[in-house]
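>>> A predicted structure for the sequence below; I have some questions about it.
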Amino acid sequence: MIIEIYTVDKYDRESKNIREVFVKNFKVNRFNLKVTKLYNIVECEDITSIDLIARDILLDPIVEEYIIRREKPLFKGYKWGLEIFLKKSVADVVGESVSDVINKLIDKKFNVRTGKCFYFSSSRDKFISFIREEFFNDLIHTMEIKELDKNVFIKR
Amino acid sequence: MSLLKDKFLFDVFKVNLNQLVALNNKYGWSLNLEELKIIVQYFRNISRNPTRAEIETIAQTWSEHCKHKTFNSPCVLTIKDHRGKIKNIYRFKNLFKETIVYATEKLKKSYCLSVFKDNAGVIELGKESKWGICFKVETHNHPCAIEPYGGTETGVGGVVRDILGVGLGAKPILNTDNFCFAFPDKKYNVAKGFLSPHKIISGVVSGVRDYGNKIGIPTACGSVFFDDRYLYNPLVYVGCVGIINRKDVNKEVLPGSYIVVIGGSTGKDGVGGSTFSSQDISENSTSSHVQIGHAINEKKVIDVLMKAKELSIYSALTDCGAGGFSSAVGELASETGALVDLDKVILKDRDIEGWQVWLSESQERMVLCVYEDKIKELEKLCEVEECQMYIIGRFTNDRKLTVKWKGENIVELDMDFLHQGLPKIERKAIWIEPKMKNKISKISVMDYYDRFEKIISDLNVTSRRWIIQQYDHEVIGQTVLKPFCGVNEYAPSDATVIWTGQVCEDFSLFNGFAVACGMKPNMSDISPYEMAKYSFDEAIRNLVCVGADISRGAALDNFCAANPNNEKVMGEFSLAAIGARDASVDMEIPYISGKDSFYNQTNIGSKIYKIPTTLLISAIAPVEDVRNIITPYFKKPFNPIYIVGSFGKGFGASVYGRLFQNDNNYISPLNLKQNRKVYLKLLEAMRKGFVISAHDVSEGGLAACVFEMSLCFIGADININEIIKVYNITELEVLFGECGSKIVVEIDLKNEKEFIKLMKNFPVIKIGYTTKIPSIVFKDNGNILFTSDVNKARQLWERNVL
Amino acid sequence: MGKKRIIKKPKVIILRACGTNCDIETENAFKYVGAFTERVHINEVLKGYKNINDYDIITLPGGFSFGDDISAGKIFALRIKSLYRDFKKFIDSKRPIIGICNGFQVLVKTGLLPYSDFKQRVTLFLNDCGHFLCRWVKVKVNKKSPSIFIKGLPEEFYLPIAHGEGKLIADDIVSQKIISSNLDVLRYIDNPNGSIYNIAALTNEFGNVIGIMPHPERAFFSIQFPWKTREENSVGFHFFKNAVEYVK
């Protein structure tokens, strides 16, 4: 299962900064973007553990909120979710760190893989090539663009 | 000795040359024909077939990266003039020994404590100091071309480990970084599968930032050079300076001690890395050569080592880099022998073969020779610090390298064969001198200001703040002269000065050292010989500007070149090596370490993209009192400004030349013996307190230099007439030329008379005065050539590139 | 303070974890002002080899503990959760705690600043510019704050910063309380990271706990400044001196 951590809009500079660079470089008019952090707790089906990991370990309660989901992105108000993870054969240093913390805190061993999700609704091709240039190296990353259901809702 | 039951790749009695070559290509060993023949002969003599692990070990140990075959080879250099007539033929039995090593051995400086034998050279930190300073610079070019972030992180990790492996362990206290990139703002048609300059630059800068900041070593002192020819072959030089107690400079491997690994686990990372860097990059370079850095693991290793050294837990150590255990254990055990059991290695991949464990280049590992009775202490230390350790064997005294995996021996090699059995091929080198033209198109004086603006906005002149502000250059609290200094940290420094009070825990002493660098790669296609001298001179000039004691200084030579099988490339390279030798001898500053990296070229289809021979000279010298260093910005109005050193004709390899006069390739040769005298005299003037500020003239010429000195709100009024008369050169060459060696100094008005007296008979010319307003004025006697408001110019100069 | 004995040489514990970088120069700063110092790994405390209450001053120095993984200071904060009682005892006994940069991040994420009830009320988040920044900044002191660390400091002075996550954020209610109780010890004159109210350092209500983003140990000796300055202007010195004098 995946824990998706995102900064509440009021404090989300990262999405704003990335959006500004995209809009400037690709001369796009309107563009909405939301960037989130993904923590894939591999082969963990226990909701209580996942919730604990999200709330007690990963979340910054002042500025962040979280969603628990599987492969399908759930954010409302966007058309696509572009997910980037490291390839399975590449070491995920942050993931290993998180796995270690989980182990020390709740005495369970999980493999953790970290990633990012970019939510957007327009200029698909331009945005994909922007992401390829700035955040992606096909030597070490995987990229998947998932279409969101029109009627999905977000809930923490 | 148990029978080797490993799968054999070929039958040593039946195999023929073509099959060997095919195997060599298939497995990427980068061995040449002679080497393959010698290997076959060795195994025929002992009547058995080699294992995969053995061939891989030999390939790694004999690779370009580990043994510098090309530089250590015999070489015949033919120099022709531009008409094709032979001018000179030089014959070298061993190019490296007869250039770099020759210079150091000739100079025989007593303050060099260790040269060319350990991971890095060591010099005294000041006269009779109980401390030594070591310095190493490495390149990590090929990995950075395909994965710039990971490649750079692991590059930094590698050079820091080199310093950790000096003597009984030096403490790393400064990181340096020098880059060569293509222009990020130019529209190149980058071939498919290759990364754009913007992407490479951003990955490299972030890599140095993240790794360097996390391991707590200040990153300062560096440079960036932009040129089209680095499009597919960026160069990333990363350096590290360490401090070590004199008594810890020697290591000793004792038979019977344990071979202990501390740091990261071992996996399939980059198996084959050092053979990879011995090949050209092609469209098929793959991802198995990408390594991921883990800065915190390295920090844990540093913390454990510093503590373990205090507790005398080990008697020798070295870093695990290219070639993994095969190189690390191979080197340490070269005089003794070793018995290794790979089953004891902590693995990160379960699906791995013995030879891969042996050759793995997993990061952040050091190999120690630990005393038998100290193992428990080390285990306790590692537990507290959360650092992994694993005992993989013992040092023996049988002069053999024996490696076991799953109960079988997969390597049984004689140390002598492994380390000495290396054949040398004679290299052919040709250099054809281009015709030099000092063409200077006259322009209206009205255009001078516009040219000045374009020069200070040129990427090879602009501020590097966009990089530097992301690097923590203050950690450890010893950085006395930072990359930017002065009011609002506006002025760019020439060198970095580090005080050693925090690590030596002595706040009553104010000594330290200065580090600076120099490179002029775009001179290589005009005159590689002068290129080397100019690079050397620039590094030393930068040290002089801060007042460092160059008479006790040392230099590092780091060459990058294209494919040495090409005679012209070899010609460029060997001439540069000769230039490097002469520079060192003339300036009486020895080399203490260096490295060379070849095959920096890319083949795309039928086109070959080569880099010019790029020599980075890094220089280091002690500073007696860091409170007395000189900084580059003007301090007081109405102080006289002088220029020290000589001007030369020509716009070859200059920014002005590239932008406005690219048919001018004229370079004035340098007289480094003379420069040395001038610099020592200037240092004397500094010690007497006459010099208030100093800055050297480099990219952008005199105009850019004076501009940079006036960034802290004190301007200048400069008259260049005297220079024109003395050197018989044009106004444009004075303002924007980069030939010769010049330092601009602000002299304390009340000491002007003494300064003139002291510098009598030296090339020193008065050029003007500092002023109260932040603007610079350039005149030729009565005629104003141009003026610039410094604040306005600063907006252009502080360009943000990323 | 009502202490019965005079402590000649206060004992300082400098708590570190893997990735802590600034411990040596922080230790040296304390040594210079006459304290007895010990650099201790948190594992030694967690395993019971050392007890924080055996010391007079606790320091959490700067660095990248645990690589800033998850977020800066988060893992360190999680690790010291089990030491809550020890920390509460230390804070209630009015002994000083100084958290510098990463140390400040740890104090805030553990819930020890600005209130020591182990509930996180504020956070230190990513700089507005989106990346690590290393430069000198001008700050001004809030003379009305109860902090014991600010005695002798000039009204405005320069300190170096080096951080990627220094933006202080809190909701309106908490922010108002911080301002009205004068818990903001230092404010940036030219805000480099977007912190609310330009806050660069926070104190607790009693004034014995301080979290500071800039690095006083890097502005301790005059030679550490980017321009020539007299020894008296080395402001970093005061933070350490005040802690030691207070304990005595």
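Ah, there it is.

>>> In stretch B:351-370, which residues are buried?
Across stretch B:351-370, burial judged by 16 or more other CB atoms under 10 Å in any protein chain shown covers B:352-370. Yep, even glycine has a C-beta here, placed from its N, CA and C like the rest.

>>> actually stretch C:30-44, sorry about that
The neighbour-count check on stretch C:30-44 (16+ other CB under 10 Å) flags C:30, C:32-33, C:35, C:37, C:39-44 as buried.

>>> can I get the residues you listed in a markdown table with secondary structure?
Below are the buried residues of stretch C:30-44 laid out as a markdown table (DSSP: H, G, I helix; E, B strand; the rest coil):
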| residue | secondary structure |
| --- | --- |
| C:F30 | helix |
| C:Y32 | helix |
| C:V33 | coil |
| C:A35 | coil |
| C:T37 | strand |
| C:R39 | strand |
| C:V40 | strand |
| C:H41 | strand |
| C:I42 | helix |
| C:N43 | helix |
| C:E44 | helix |
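
>>> What about chain B: which of these touch it?
C:32, C:41, C:43-44 (CB under 8 Å from any CB of the partner chain).

>>> Point out the residues in chain A that sit beside chain B.
Counting by CB under 8 Å from any CB, chain A sits next to chain B at A:87, A:89-91, A:93, A:97, A:133-134, A:137, A:139-140.

>>> Could you identify the most distant pair in these?
A:S97 and A:E133 (27.9 Å; CB to CB).

>>> of those two, who's got more company?
A side-by-side neighbour count of A:S97 and A:E133, using other CB atoms under 10 Å in any protein chain shown, places A:S97 first with 20 against 14.

>>> What residues does the more buried one make contact with?
By CB atoms under 8 Å, 6 or more residues apart in numbering or on different chains, the contact set of A:S97 is B:296, C:66-67, C:69-70, C:75.

>>> Let's see which of those residues end up in helices.
B:296, C:75 (DSSP state H).

>>> Quick check, pLDDT for B:K67.
Listed pLDDT for B:K67 reads 63.

>>> B:N639 now?
With respect to pLDDT, B:N639 has a value of 97.

>>> B:N721 and B:F778 touch, don't they?
No - the pair B:N721 / B:F778 is not scored as a contact, 10.7 Å apart, by CB atoms under 8 Å.

>>> Okay, now the unreliable bits of chain C?
Scanning chain C for pLDDT under 70 picks out C:1-6, C:232-233.

>>> Quick one: the helices in it, in order.
Taking DSSP H to define them, one finds helices in chain C at C:23-32, C:42-46, C:74-79, C:84-92, C:102-110, C:172-180, C:236-247.

>>> Just name the most buried of those.
Mean neighbour count (mean count of other CB atoms under 10 Å in any protein chain shown) peaks for helix C:102-110 among these, with a mean of 28.

>>> Could you list which of the buried residues of stretch B:351-370 belong to helices?
Among the buried residues of stretch B:351-370, the ones falling in helices (DSSP H) are B:354-359.

>>> what residues does chain C put near chain B?
So chain C meets chain B at C:18-22, C:24-25, C:28, C:31-32, C:41, C:43-44, C:47, C:62-64, C:66-68, C:131-136, C:160, C:162, C:215, C:217-218, C:220-221, C:223-224, C:226-227 (CB under 8 Å from any CB).

>>> Only whichever of those are buried, select them in ChimeraX.
Here is the ChimeraX command that selects the buried residues among those (16+ other CB under 10 Å):
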select /C:18,19,20,21,22,24,25,28,32,41,43,44,62,63,64,66,67,68,132,133,134,135,136,160,162,215,217,218,220,221,223,224,226,227
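
>>> Backbone dihedrals for B:E379, please?
Phi and psi for B:E379, reported as degrees, to the nearest 10, are phi -60, psi -40.

>>> what sits against it?
B:E379 touches B:M389, counting by CB under 8 Å, 6+ apart.

>>> and B:N721 and B:F778? which has more neighbours close in?
Neighbour totals were compared for B:N721 and B:F778, and B:F778 leads with 26 against 16 (other CB under 10 Å).

>>> Am I right that that one is in contact with B:F736?
No - between B:F778 and B:F736 there is no contact under CB under 8 Å: 10.6 Å.

>>> what's the overlap in contacts for these two?
With CB under 8 Å, 6+ apart as the test, B:F778 and B:F736 both reach B:A703.

>>> Can you find the residue of the stretch 401-550 of chain B that comes nearest to chain C?
B:G477 (3.6 Å; CB to the nearest CB).

>>> Now that residue: closest residue in space that isn't a chain neighbour?
In this structure, B:G477 finds its nearest non-sequential neighbour in C:E25, 3.6 Å apart by CB to CB, 6 or more residues apart in numbering or on different chains.

>>> do C:D86 as well
Using CB to CB, 6+ apart, the closest residue to C:D86 is C:I52 (5.2 Å).

>>> next one: B:E733
Closest to B:E733 by CB to CB, 6+ apart is B:K649, at 6.2 Å.

>>> okay, that neighbour: pLDDT?
For B:K649, the predicted pLDDT is 96.

>>> my read is it is in a strand, agree?
No - according to three-state DSSP, B:K649 belongs to no strand; its state is coil.

>>> Next one: it from B:K779, what distance?
The spacing between B:K649 and B:K779, counted by CB to CB, to the nearest Å, is 22 Å.

>>> ditto for B:I617
B:I617 is 35 Å from B:K779, by CB to CB.

>>> still on that earlier bit, wait, what's in contact with the residue of the stretch 401-550 of chain B closest to chain C?
B:502, C:22, C:25, C:28, C:215, C:217-218, C:220-221, C:224.

>>> which of these sit farthest apart?
The largest separation in these, counting by CB to CB, is between C:C22 and C:F221 at 14.8 Å.

>>> Grab the nearest non-local neighbour of the residue nearest the centre of chain B.
Geometric centre of chain B, nearest residue: B:V137, 3.8 Å, by CA atoms, centre = their mean. Spatially, and ignoring its direct neighbours in sequence, B:V137 is nearest to B:G239 (3.7 Å; CB to CB, 6+ apart).
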